[in-house]
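>>> how does the following fold in three dimensions:
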Amino acid sequence: MTDTESIRLAVGDVAPELCLENQDHKQICLRDFIGQKVVLYFYPKDLTPGCTTQASEMTQILPKLNAAGYKVIGVSPDSPERHSEFIKRIEIGFDLLSDPDKTTMARWGTYGKKVMYGRETVGVIRTTFVIDENGVITKASYGTKATGHAARLLKELGIPA
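Numbers count the residues shown, from 1 in each chain. Predicted coordinates:
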């Protein structure tokens with residue numbers, strides 16, 4: 001496998017470990033959430049139009065996700081400082097984790113070849129995973145669209161909008 005090819009995780013796979021710094025430079029590990037359901041989403045870049053839309057929509061539905069027992073975590077290559085600025089600017093209500101070398105993203109299959117505007121490029125593949133209380137992936141959506149992502153997620157999880 002080359003550095004631009006990636007695996008694809010699927011429903012039923014055990015979620016790979018993930019330990020990254022959040023916006024406060026605190027290490028957050030997926031294993032810390034065993035016993036809880038997690039929505040983990042990977043996105044390209046803080047403070048860009050699509051990623052801002054996605055984070056804003058996720059923040060809007062956060063109370064519904066929390067009430068249904070889900071924690072939300074976002075991951076991008078941005079620094080903790082940039083995450084902190086992003087969180088403050090649009091009032092994001094959940095942790096954003098920093099993966100600057102994209103090692104975690106590659107392990108999760110969220111960094112690699114993708115098609116953007118009809119051209120093949122290499123970059124972060126906007127992806128959402130839902131992980132159950134035992135650390136098993138129950139939903140894996142690669143190549144999601146930023147706009148409307150949150151509403152689709154609620155519908156797929158059977159949570160009233």
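
>>> any idea whether Glu81 is helix, strand or coil?
Under DSSP: H, G, I helix; E, B strand; the rest coil, the three-state class of Glu81 is helix.

>>> burial measure for it, as a count.
11 (other CB atoms under 10 Å). C-betas here are computed from N, CA, C, even on glycine.

>>> quick one: residues contacting the closest residue to it other than its chain neighbours.
Spatial nearest neighbour of Glu81, excluding adjacent residues (CB to CB, 6 or more residues apart in numbering): Gln23 at 8.0 Å. By CB atoms under 8 Å, 6 or more residues apart in numbering, the residues touching Gln23 are Pro80, Glu81, His83, Ser84, Phe86, Ile87, Asp95, Leu96, Ser98.

>>> ok, which pair from these is furthest apart?
Greatest spatial distance in the contacts of Gln23: Glu81 and Asp95, 14.5 Å, computed using CB to CB.

>>> next SSE after the worst-scoring helix or strand of the chain on mean pLDDT?
Scoring the helices and strands of the chain by mean pLDDT, DSSP states H and E places strand 111-116 at the bottom, with a mean of 81. Next helix or strand after strand 111-116 toward the C-terminus (DSSP states H and E): strand 119-124.
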